[in-house]
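Peer 1: can't give you the sequence, but here's the structure:
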């Protein structure tokens with residue numbers, strides 16, 4: 001039988017009592033085994049933490065005692081007891097226990113175990129528990145090979161993973177197993193295990209003592225990983241004994257472990273959790289928290305381009321027009337990552353993070369484009385109004401394209417009454433400025449621009465405060481339809497400096513527009529010192545006028 005990737009695949013001796021010897025590595029630990037191995041609990045009652053799984057009748061207790069042959073997936077961060085639970089299962093039941101590592105095992109190994117287990121069941125042998133460590137490293141094909149055997153309980157699967165099984169384990173296998181989530185140990189749990197290891201004969205047996213501040217240091221650096229805590233304790237104890245000391249002091253503990261391991265996996269759920277916390281901290285205007293999550297990603301080796309992309313997205317998604325400079329800062333940081341690289345670019349990323357976290361926030365750009373796309377997907381829109389269509393190709397004039405179009409730059413204010421949306425969207429407001437930061441000035445300008453563009457200036461005096469807050473846009477005005485704006489014989493626009501009178505606009509009779517003082521040229525192009533208005537506010541809608549400004 002193939003044994004590659006298996007700790008043990010030995011055939012059981014069916015003539016002996018039906019209690020198979022545990023797989024290699026799951027027997028009694030040697031005297032020189034690592035401290036975390038020697039200190040593994042001898043029974044389920046010695047388990048520390050995971051109290052939510054240890055109640056009488058709970059799935060974990062049933063698994064260890066063998067009272068239920070259910071298949072289980074153990075999911076939790078390193079050092080929370082997944083392998084320890086496998087050891088308890090190996091020692092506490094009369095089932096045959098086989099351990100396999102997903103790092104080295106293949107489909108052939110899995111099928112060999114299943115075939116052996118099936119043959120033993122037919123001969124009346126003991127049931128088989130198959131433990132697979134790091135099951136998330138199994139390919140889809142390897143996981144598929146387990147389905148039938150788990151389904152008919154040819155084997156009882158006990159799988160361990162540090163990755164979110166909803167991402168890393170195929171759904172059919174996940175649905176055939178009970179998912180038990182192990183939590184990182186509390187500091188009190190880690191402290192209790194350290195103290196047990198100091199005095200227990202399986203551990204240090206009282207050879208040294210541990211100073212309180214040294215204990216605090218080991219607990220803090222462990223971060224809920226008891227294996228890390230015990231490994232550091234063993235290293236510190238070795239140093240102290242070699243120096244003839246009877247106590248592990250803080251200096252010795254610091255010497256044993258000088259850097260805390262960062263729990264992060266670029267391909268796992270921690271990747272998504274940390275970037276989520278990073279974004280939400282900036283959105284919540286907490287620069288300290290945002291810098292912490294940034295540091296976590298940098299120290300763990302996250303791709304700085306990924307961080308930079310998220311920062312650029314955030315600048316428009318959550319800051320937007322409240323601070324138009326935020327996008328420039330974010331883009332500059334992203335360019336710095338490309339030009340300079342790490343580690344120096346961490347300074348550029350940190351500067352951008354602080355700027356964005358402390359900037360005023362507005363999601364008006366996000367909601368505006370979202371609402372516009374919703375309307376488009378719902379079929380709202382219709383044809384491009386004739387006066388906005390391209391009139392530069394042969395035959396366009398005969399089709400009426402561009403007829404009646406008014407060139408805003410020919411007006412002293414840079415704004416004219418004109419319909420720019422399809423007929424069924426007349427009067428629709430997508431952009432609703434907030435009162436935050438620089439967007440306050442934009443919010444004051446947008447209602448006045450809408451009144452001129454939509455020909456509603458005559459109603460401005462009667463507009464309520466609510467109308468102004470919403471952009472001053474009442475319902476659609478029939479006089480603004482594209483049919484009304486294309487008058488017979490209207491001249492094509494010409495590139496001249498002459499000012500087109502406001503009253504020349506079709507349908508303008510009886511609807512006086514706002515005075516030039518109400519919306520000045522400077523207001524139409526953006527307030528000084530507060531960032532320019534959007535490109536749509538400034539540019540010729542035809543996109544071909546000479547000297548068009550770039551964003």
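Peer 2: Yes, it's here. Fair warning: this is a prediction, and the values are worked out from it, not measured in the lab.
Peer 1: gap between the two ends of stretch 63-73?
Peer 2: Terminal residues of stretch 63-73 are spaced 11 Å apart (C-alpha to C-alpha, to the nearest Å).
Peer 1: which outside residues touch it?
Peer 2: 44, 59-60, 62, 85, 88-89, 92-95, 127, 135, 150, 153, 155-161, 165, 169, 174, 176-180 (C-beta atoms under 8 Å, 6 or more residues apart in numbering). Where you see a C-beta, it was placed from the backbone N, CA and C, and this is true even at glycine.
Peer 1: Give the ChimeraX command for selecting the buried subset of these.
Peer 2: Selection of buried members from these for ChimeraX, criterion 16 or more other C-beta atoms under 10 Å:
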select :44,60,62,85,88,89,92,93,95,127,135,150,153,155,156,157,158,159,160,161,165,169,174,176,177,179,180
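Peer 1: Of the contacts of stretch 63-73, which belong to helices?
Peer 2: 59, 60, 62, 85, 88, 89, 92, 150, 165, 174 (DSSP state H).
Peer 1: Mind picking the lowest-pLDDT entry from the residues you listed?
Peer 2: Ranked by pLDDT, those bottom out at residue 92, which scores 66.
Peer 1: could you say what helices and strands the helix or strand hosting residue 331 packs with?
Peer 2: Element membership of residue 331 [criterion: DSSP states H and E] is helix 325-339. Applying 3 or more C-beta pairs under 8 Å, 6 or more residues apart in numbering; DSSP states H and E, one finds that helix 325-339 contacts helix 304-314, helix 345-358.
Peer 1: and the ones in helices among the contacts of stretch 63-73 as a markdown table, adding distance to residue 439?
Peer 2: Formatted as a markdown table, these follow (distance: C-beta to C-beta, whole Å):
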| residue | distance to residue 439 |
| --- | --- |
| 59 | 53 |
| 60 | 54 |
| 62 | 59 |
| 85 | 55 |
| 88 | 60 |
| 89 | 60 |
| 92 | 65 |
| 150 | 57 |
| 165 | 44 |
| 174 | 46 |
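Peer 1: Tell me which residues of stretch 222-242 come out buried.
Peer 2: Buried-residue list, stretch 222-242, by 16+ other C-beta under 10 Å: 222-240.
Peer 1: make that stretch 370-385, sorry
Peer 2: 372, 385.
Peer 1: do the same with stretch 126-133
Peer 2: For stretch 126-133, by 16+ other C-beta under 10 Å, it's 126, 127, 128, 129, 130, 131, 132, 133.
Peer 1: which residues pair with the fourth one across the strands?
Peer 2: Per DSSP bridges, the residues bridged to residue 129 are residue 97, residue 156.
Peer 1: tell me the pLDDT at it?
Peer 2: 86.
Peer 1: and if you look at the first one?
Peer 2: Per-residue confidence for residue 126 comes out at a pLDDT of 83.
Peer 1: sorry, back to before: from the buried residues of stretch 222-242, which land in helices?
Peer 2: Those of the buried residues of stretch 222-242 lying in helices (DSSP H): 222, 226-240.
Peer 1: where exactly do the strands run in the protein?
Peer 2: Listed in chain order, the strands of the chain (DSSP state E) span residues 72-75, 96-101, 128-133, 155-161, 178-181, 209-210, 247-248.
Peer 1: Residue 342: which of those is closest?
Peer 2: Closest to residue 342 of the strands of the chain is strand 155-161 (C-beta to C-beta; 30.2 Å).
Peer 1: so where's this protein shaky on pLDDT?
Peer 2: 1-27, 66-68, 92-93, 258-269, 394, 457-551 (pLDDT under 70).
Peer 1: Turn the strands of the chain into a markdown table, including distance to residue 395.
Peer 2: Formatted as a markdown table, the strands of the chain follow (distance: least, C-beta to C-beta, whole Å):
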| stretch | distance to residue 395 |
| --- | --- |
| strand 72-75 | 67 |
| strand 96-101 | 73 |
| strand 128-133 | 71 |
| strand 155-161 | 66 |
| strand 178-181 | 67 |
| strand 209-210 | 91 |
| strand 247-248 | 91 |
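Peer 1: Nearest to residue 283 among the ones in helices among the contacts of stretch 63-73?
Peer 2: residue 165 (29.1 Å).
Peer 1: Look up how far residue 364 lies from the closest one.
Peer 2: 39 Å (C-beta to C-beta, to the nearest Å).
Peer 1: And for residue 384?
Peer 2: Residue 384 is 26 Å from residue 364, by C-beta to C-beta.
Peer 1: before we move on, what about residue 156?
Peer 2: 56 Å.
Peer 1: cool, and residue 383?
Peer 2: From residue 383 to residue 364 the distance is 28 Å (C-beta to C-beta).
Peer 1: can you count the residues close to residue 395?
Peer 2: 7 (other C-beta atoms under 10 Å).
Peer 1: Please apply the same query to residue 411.
Peer 2: With other C-beta under 10 Å as criterion, residue 411 counts 20.
Peer 1: Now it: phi and psi?
Peer 2: In terms of degrees, to the nearest 10, the main-chain angles of residue 411 are phi -100, psi 140.
Peer 1: returning to that earlier point: of the ones in helices among the buried residues of stretch 222-242, just say which sits nearest to residue 339.
Peer 2: residue 228 (37.9 Å).
Peer 1: okay but that closest one is in contact with residue 222, surely?
Peer 2: Yes: contact status for residue 228 versus residue 222: in contact at 4.9 Å, counting by C-beta atoms under 8 Å.
Peer 1: any shared contact partners between those two?
Peer 2: With C-beta under 8 Å, 6+ apart, residue 228 and residue 222 have common neighbours residue 79.
Peer 1: now the helix holding residue 331 and helix 304-314, what's the angle there?
Peer 2: With axes from the mean of the first three to the mean of the last three C-alpha atoms, to 10 degrees applied, the angle from helix 325-339 to helix 304-314 works out at 170 degrees.
Peer 1: What lies in contact with helix 325-339?
Peer 2: By C-beta under 8 Å, 6+ apart, helix 325-339 touches 304-305, 307-309, 311-312, 314-316, 319-320, 345, 348-349, 351-352, 355-356, 359, 531.
Peer 1: Can you say which of those are buried?
Peer 2: Listed as buried from the contacts of helix 325-339 are 304, 307-308, 311-312, 314-316, 319-320, 345, 348-349, 352, 355-356, 359, 531; burial here means 16+ other C-beta under 10 Å.
Peer 1: The helices and strands packed on helix 325-339: which one's closest to residue 106?
Peer 2: Across these, closest to residue 106 is helix 304-314 (C-beta to C-beta), at 32.2 Å.
Peer 1: In this structure residue 190 contacts residue 220, no?
Peer 2: No: checked against C-beta under 8 Å, the pair residue 190 and residue 220 is beyond contact range at 9.4 Å.
Peer 1: so residue 406 touches residue 418, yeah?
Peer 2: Yes: Residue 406 sits in contact with residue 418 when judged by C-beta under 8 Å, with a separation of 5.2 Å.
Peer 1: Pick out whichever of those two has more residues nearby.
Peer 2: residue 418 (22 against 18).
Peer 1: before we move on, the earlier item: any idea which of the ones in helices among the buried residues of stretch 222-242 is closest to residue 283?
Peer 2: For those, the nearest to residue 283 is residue 222 (31.2 Å; C-beta to C-beta).
Peer 1: sorry, back to before: make JSON lines from the helices and strands packed on helix 325-339 and add distance to residue 329 to it.
Peer 2: JSON lines is the format used below for those (distance: least, C-beta to C-beta, whole Å):
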{"stretch": "helix 304-314", "distance to residue 329": "9"}
{"stretch": "helix 345-358", "distance to residue 329": "5"}
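Peer 1: Ok, which of these comes nearest residue 78?
Peer 2: Here helix 304-314 is closest among the helices and strands packed on helix 325-339 (C-beta to C-beta), at 23.5 Å.
Peer 1: which secondary structure elements does that closest one contact?
Peer 2: Taking 3+ C-beta pairs under 8 Å, 6+ apart as the contact cut, helix 304-314 packs with helix 269-283, helix 287-299, helix 325-339, helix 345-358.
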